[in-house]
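Asker: coords below, sequence missing:
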């Protein structure tokens, strides 16, 4: 059996487990692992400018393609604490990500050594496993267990902390004899599928709520198949957006208080049965539980047993991987279809589409400064069905989810539950790594963009091209809107007269100069008539220079985006579209 350092064993395992994309920053306490990666040569490493940025890159890479597990690396102490926000974002959205931190030697862990912190205890609440490995012989088994845990049940991140002396220790290890541990995923039974379909077919107006678990299971095609067999409308959650294409005849739109459609809320409130698959009943999807559940029967399918009943008790719960559940439901549904015993839901499905045709939000405004709705209209025109959007939080994300179109799984990549400012840019770089050659468009408000803005230099250095649309109102727009209830506008303005850039006209930070200073290309748009040409130019610059291209759009300072407190109490601050000209990129043609 071969003698090798533990870090050489780690790198060999990463290759065998198929996890060869790493993001991080070297440092004294993690340099042994970096030396192993250099010697091996098969792990591609992207050097971040901040360890939190590296964690979001690894997260974005994991989300980009089924089966991906991004690796994040950092030295001891603050590198680990910098990763915590990234671990939280991944854990909250059920994303596998493997983090390695360096650590002080084992004998010095209790001596308050330089940059020695108990990262295991800090990270445990946000991971499926956090472990400071104290014995060299445990290293291969710990990495093996990490991969099994990340892939089994509800996916999530793992952190492994490596004391310096443990990294340098020699162990006996044979990579040829190494085998990944079996992955454990619960399966719905045929009896459970029969009962769920019995409940669905006993209803008059059923809906399928499609959550992010369907994306994680790589089962979007099976969701569409089930919906088509049953002829039942589908409501994707924000994390499940793209599981059914927006232009599919059974797409009913998104339900909720913020990232939602008026027509979808209206359809949901008419429903009498809901089967949620791979979703978690997030509060911004449901509003109050009393309103959400009234008059409806619920089936909940989730891979994690403790998710069943966490928010409210369904009438029937099934613990299953979403893909396995869909397989069982499709099998039973096909049998009933062949026997002619499925109800005809065509009128119900048509009614959902009819609502789409008369409850569209207006997007066509010619105002200067630009209204945000027009930006998304022009994005719909400029970027086709193959586009992958990346976003995280704020009015920009909320309006984007209301007005953009997504046509497939993993085409909308979003930090849903955690929503950390600054996630968008580095995550987009990870997505570009995971989708080489594909069109990636990030969407940020000015505040999200300013968090982690230094990571643009990573895109320039490593030639990771994408388009970053920055809608700039020089405000913390979502917080400003939420402050309306307190009758204040307090410490949410980012505006100032920039003595170096008077051309910003009081909007403060010159994002164009900053982006160019970081090695990227940037454009500023102040007239809605120029948006189309700006997006065309951005594509050309991206193709020519192979760097991120920032398109900054100067918005009106104050815009209130549709949102509310209940599904039947969402405030519309603009009149709905009255004709097709008011919403020219709406998928469902407006009914006059």
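Answerer: Cool, the structure landed. As the structure is a prediction and not an experimental result, all values here were calculated from the model.

Asker: What is the burial count for residue 517?
Answerer: Neighbourhood size, residue 517 [other Cβ atoms under 10 Å]: 12. The C-beta positions use only the backbone N, C-alpha and C, and glycine is treated the same way.

Asker: What residues does it make contact with?
Answerer: By Cβ atoms under 8 Å, 6 or more residues apart in numbering, the contact list for residue 517 is empty.

Asker: ok, so what distance separates the nearest residue in space to residue 250 that is not next to it in sequence from residue 253?
Answerer: Nearest residue to residue 250 in three dimensions, chain neighbours excluded: residue 227, at 4.8 Å (Cβ to Cβ, 6 or more residues apart in numbering). Separation of residue 227 from residue 253 (Cβ to Cβ, to the nearest Å): 14 Å.

Asker: Look at these two and report which has more neighbours.
Answerer: residue 253 (27 against 24).

Asker: host element of the closest residue in space to that one that isn't next to it in sequence?
Answerer: Nearest residue to residue 253 in three dimensions, chain neighbours excluded: residue 264, at 3.1 Å (Cβ to Cβ, 6+ apart). When elements are assigned from DSSP states H and E, residue 264 belongs to helix 262-270.

Asker: And the average pLDDT for the next helix or strand after that helix is what?
Answerer: Next along the chain after helix 262-270, taking DSSP H and E as the criterion, comes strand 273-277. Strand 273-277 carries an average pLDDT of 98.

Asker: In this structure residue 9 contacts residue 141, no?
Answerer: No: in this structure, residue 9 is not within contact of residue 141 by Cβ atoms under 8 Å, at 10.4 Å.

Asker: Of the two, give the one with the bigger neighbour count.
Answerer: Neighbour comparison, residue 9 and residue 141: the larger count goes to residue 9, with 23 against 12 (by other Cβ under 10 Å).

Asker: That one sits in which helix or strand?
Answerer: helix 6-16.

Asker: Please identify the buried residues of that helix?
Answerer: Within helix 6-16, the residues scored as buried using 16 or more other Cβ atoms under 10 Å are 6, 7, 8, 9, 10, 11, 12, 13, 14, 16.

Asker: Counting neighbours, what do you get for the closest residue to the first one other than its chain neighbours?
Answerer: By that I understand residue 6. Spatially, and ignoring its direct neighbours in sequence, residue 6 is nearest to residue 139 (4.1 Å; Cβ to Cβ, 6+ apart). Neighbours of residue 139 under the rule other Cβ under 10 Å: 23.

Asker: Show the model's pLDDT score for residue 139.
Answerer: As predicted, residue 139 sits at a pLDDT of 98.

Asker: Tell me where the stretch 251-400 of the chain has helices.
Answerer: 262-270, 283-286, 289-293, 322-339, 346-356, 372-382, 395-403 (DSSP state H, counting those that start in this stretch).

Asker: which parts of the last one are buried?
Answerer: Yep, that's helix 395-403 we're talking about. Buried residues in helix 395-403 (16+ other Cβ under 10 Å): 395, 396, 397, 398, 399, 400, 401, 402, 403.

Asker: and if you look at the first one?
Answerer: Within helix 262-270, the residues scored as buried using 16+ other Cβ under 10 Å are 262, 263, 264, 265, 266, 267, 268, 269.

Asker: What of the third one?
Answerer: Of the residues in helix 289-293, those buried by neighbour count under the rule 16+ other Cβ under 10 Å are 292, 293.

Asker: which residues are contacting it?
Answerer: Against helix 289-293 from outside (Cβ under 8 Å, 6+ apart): 281, 286, 311, 312, 566, 567, 568.

Asker: Give the buried subset of those as a PyMOL selection command.
Answerer: Buried members of the contacts of helix 289-293 can be picked out in PyMOL with the line below, counting by 16+ other Cβ under 10 Å:
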select buried, resi 281+286+311+567
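
Asker: Closest one to residue 376 out of the contacts of helix 289-293, please.
Answerer: In terms of Cβ to Cβ, no member of the contacts of helix 289-293 lies closer to residue 376 than residue 567, at 22.4 Å.

Asker: That closest one touches residue 284, doesn't it?
Answerer: No: between residue 567 and residue 284 there is no contact under Cβ under 8 Å: 11.1 Å.

Asker: least trustworthy helix or strand in this structure by mean pLDDT?
Answerer: helix 477-482 (a mean of 80; mean pLDDT, DSSP states H and E).

Asker: what helices or strands is that one leaning on?
Answerer: Other elements packing on helix 477-482 under the criterion 3 or more Cβ pairs under 8 Å, 6 or more residues apart in numbering; DSSP states H and E are helix 395-403.

Asker: what separates the helix it packs on from the chain centre, distance-wise?
Answerer: 14 Å (Cα atoms, centre = their mean, to the nearest Å).

Asker: show me where the stretch 1-150 of the chain has strands.
Answerer: 3-5, 21-24, 44-47, 70-74, 97-103, 129-132 (DSSP state E, counting those that start in this stretch).

Asker: what's the spacing between the shortest one and its chain's center?
Answerer: Put plainly, it is strand 3-5. 39 Å.

Asker: Please state the mean pLDDT value computed over that strand.
Answerer: So the average pLDDT for strand 3-5 ends up being 94.

Asker: same thing with the fourth one?
Answerer: Taken as a whole, strand 70-74 carries a mean pLDDT of 98.

Asker: contacts for it?
Answerer: 14, 19, 21-27, 30, 33-34, 43, 45, 51, 54-55, 57-62, 80, 82-83, 86, 97-102, 430, 434.

Asker: relative orientation of it and strand 97-103 in degrees?
Answerer: Angle, strand 70-74 to strand 97-103, by axes from the mean of the first three to the mean of the last three Cα atoms, to 10 degrees: 20 degrees.

Asker: Tell me how far strand 70-74 lies from the chain's centre.
Answerer: 18 Å.

Asker: That one: partners in the sheet, and parallel or antiparallel?
Answerer: strand 21-24 (parallel), strand 97-103 (parallel) (DSSP bridges).

Asker: would you list those strands in CSV and tack on mean neighbour count and distance to residue 587?
Answerer: Shown next, in CSV, are the strands paired with strand 70-74 (neighbours: other Cβ atoms under 10 Å; distance: least, Cβ to Cβ, whole Å):
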stretch, mean neighbour count, distance to residue 587
strand 21-24, 27, 34
strand 97-103, 29, 34
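
Asker: I'd like those as CSV, with distance to residue 502 and mean pLDDT appended.
Answerer: What follows is the strands paired with strand 70-74, written out as CSV (distance: least, Cβ to Cβ, whole Å; pLDDT from 0 to 100):
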stretch, distance to residue 502, mean pLDDT
strand 21-24, 38, 98
strand 97-103, 43, 98
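
Asker: Out of those strands, flag the one nearest residue 555.
Answerer: Closest among those, using Cβ to Cβ: strand 21-24, at 31.8 Å.

Asker: can you list contacts of the closest one?
Answerer: 14, 30, 37, 43-48, 51, 54-55, 57-58, 61, 68, 70-74, 100, 430, 433-434.
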